[in-house]
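> Pasting a predicted model and its sequence here:
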Amino acid sequence: MNLLHVVPRIPFPSDSGGTLRALQLLRALDAAFEVTVLAPDLPGGDAEGLRSLLRGRVVTARESGGTLRWASAEARGVLRGGPFGYARYAGRNLRAVFRHLLSERPVDLVHFDHLHAAQLLPEARELAPRARVVMDAHNVEAQVADRLAGVSRWPLGPVLRWQASAISRLEARTVRGVDAVLACSELDAAALRGSGAREVHLVPNGVELRPIPALPGPRNTVAFVGSYDWRPNVDAAIVLARDIWPLLRSAAPGLRLALIGRKPPAQVRELAATDIEVTGRVDDVAPWLARSFATAMPLRAGSGTRLKVLEAAAARVPIVCTRLASEGLPLVDGRHLLHVETPEAFVAALVRLRQEPELGARLTEEASHVAQEYEWRRIAARLVELYRAWDSRRRTWLSSTG
């Protein structure tokens, strides 16, 4: 089966939840099928590094015209009712290359990774009408913007409400236009069906199971892991450092907070203090988790499922988080983790974990069993089998019709 896999950015290095999911699924599909990857040439992606991992082709498209042309494209998209920030993922040159790839040889399946990439859906329908078209919905995108709007002050709140409405229109139009949608959780699947998706398949986020490094010294760190080019992580880091940490500093002196992840903006970098470290991008989060006695996740917005929760569960680090942070995952308060919603409750839970080591041991033992069920190899194999079944039915139909 010839598969054209369109991504909104090169998923290598995989230093965010989105790029990690994209890379894990892409590698499995590449091992099973004839895959061509198409991506816009955006800063931060290593196309050569990705090529070294795959059997198939990796094609990139660079837009010309610089900042002025991007601004013009964004303005035109917004004036047509589209969301802000999406034009760069469907530029003129990228569309031209996409059309060429669809025309140069038959394509059996087009896999759009994320709503941003699926903006090329009209071209896929025009030039490959017999191809099956799938969108991997990492999140319910409109839900992310809407939830952020609910916790944001003026003037950002109204702007995000408008953005949520624009994304919702694009999302509904796209899920109705593709043949199938991949969802990360049953909650997302239900929302996507409500937006008009005809066929939804559950392909959860996963985790790589690795040996846990043993580091010398006390585990006196509270960790928060996230890519800070995703606004919900910025919001959570600010809440953690400004609202929760001063209370914990008083209740349990001598602890440290690590805000771990790529691209921290100025409002996150300025959270750094003598007992708060803002790391920026790290090559591996495992050593940071190994020295942490807990991970705290005061997420107030988001969708999909959080890979940071699965990573902490696999690393046997106790999890203290809001219900939203663990939504879509079969994790139960008091059995696998501790659910809290206010700064005071976060502090109480973290102090309790310090005072009751046996509680943390019990929670992490139970959570690690759940993480094993979400190993990436199992999840990716499920997607490969789904696509193989589709290909088998397609071949049977072609044989019967001549």
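Cool, the structure landed.
> tell me what the helix or strand where Thr396 lies is packed against?
Using DSSP states H and E, Thr396 falls within helix 376-401. Counting contacts by 3 or more C-beta pairs under 8 Å, 6 or more residues apart in numbering; DSSP states H and E, the secondary-structure elements packed against helix 376-401 are helix 17-32, strand 109-113. All C-beta atoms are positioned from the backbone trio N, CA, C, and that covers glycine.
> what helices or strands is the helix or strand containing Ala361 leaning on?
In this assignment (DSSP H and E), Ala361 forms part of helix 357-373. Packed against helix 357-373 by the contact rule (3+ C-beta pairs under 8 Å, 6+ apart) you find helix 307-314, helix 343-355.
> Most tightly packed of these?
Mean neighbours per residue, mean count of other C-beta atoms under 10 Å, is largest over these for helix 307-314, with a mean of 26.
> Pull up the pairing partners for the helix or strand that comes right after that one, direction included.
Scanning forward in sequence from helix 307-314 by DSSP H and E, the next helix or strand is strand 319-321. Strand pairing for strand 319-321, determined by DSSP bridges: strand 292-297 (parallel), strand 338-339 (parallel).
> okay, those strands, which one's buried deepest?
strand 292-297 (a mean of 25).
> That one vs helix 357-373, what angle?
Orientation of strand 292-297 against helix 357-373 (axes from the mean of the first three to the mean of the last three C-alpha atoms, to 10 degrees) gives an angle of 60 degrees.
> between strand 292-297 and helix 343-355, how big is the angle?
Between the axis of strand 292-297 and that of helix 343-355 there is an angle of 160 degrees, by the same axes, to 10 degrees.
> Export strand 292-297 to CSV, keeping only CA atoms.
Backbone C-alpha positions of strand 292-297 (Å, rounded to 0.1, in the frame of the first residue of the first chain) are rendered in CSV as follows:
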residue,chain,number,x,y,z
SER,A,292,11.7,13.7,41.6
PHE,A,293,9.6,12.6,44.5
ALA,A,294,6.5,13.7,42.6
THR,A,295,5.2,15.4,39.5
ALA,A,296,2.6,18.1,39.8
MET,A,297,0.3,19.0,36.8
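> can you give me the strands for the stretch 151-300 of the chain?
Remark: strands assigned in the stretch 151-300 of the chain by DSSP state E, counting those that start in this stretch are 180-183, 200-202, 221-225, 256-260, 276-280, 292-297.
> how about low-confidence regions in the stretch 251-400 of the chain?
By pLDDT under 70, the stretch 251-400 of the chain has no low-scoring segment.
> Let me see the mean pLDDT of stretch 89-108.
Rounded to a whole number, the mean pLDDT of stretch 89-108 is 96.
> any residues touching stretch 35-51, and which ones?
Contacts with stretch 35-51, where a contact means C-beta atoms under 8 Å, 6 or more residues apart in numbering, come from 2-13, 23, 26, 29, 54-63, 88-89, 91, 94, 97-98, 101.
> actually stretch 337-349, sorry about that
Under C-beta under 8 Å, 6+ apart, the answer for stretch 337-349 is 239-240, 243-244, 247-248, 251, 296, 298, 309, 313, 318-323, 326, 331, 333, 352-353, 363, 367.
> Taking helix 357-373 as reference, get the angle to the helix holding Thr396.
When the same axes, to 10 degrees is applied, the directions of helix 376-401 and helix 357-373 differ by 20 degrees.
> Check which residues of helix 376-401 are buried.
Judged by neighbour count using 16 or more other C-beta atoms under 10 Å, the buried positions of helix 376-401 are Trp376, Ile379, Ala380, Arg382, Leu383, Tyr387, Trp390, Asp391, Arg394.
> do you know how far the last one is from Val181?
Right, Arg394. Relative to Val181, Arg394 is positioned 19 Å away (criterion: C-beta to C-beta, to the nearest Å).
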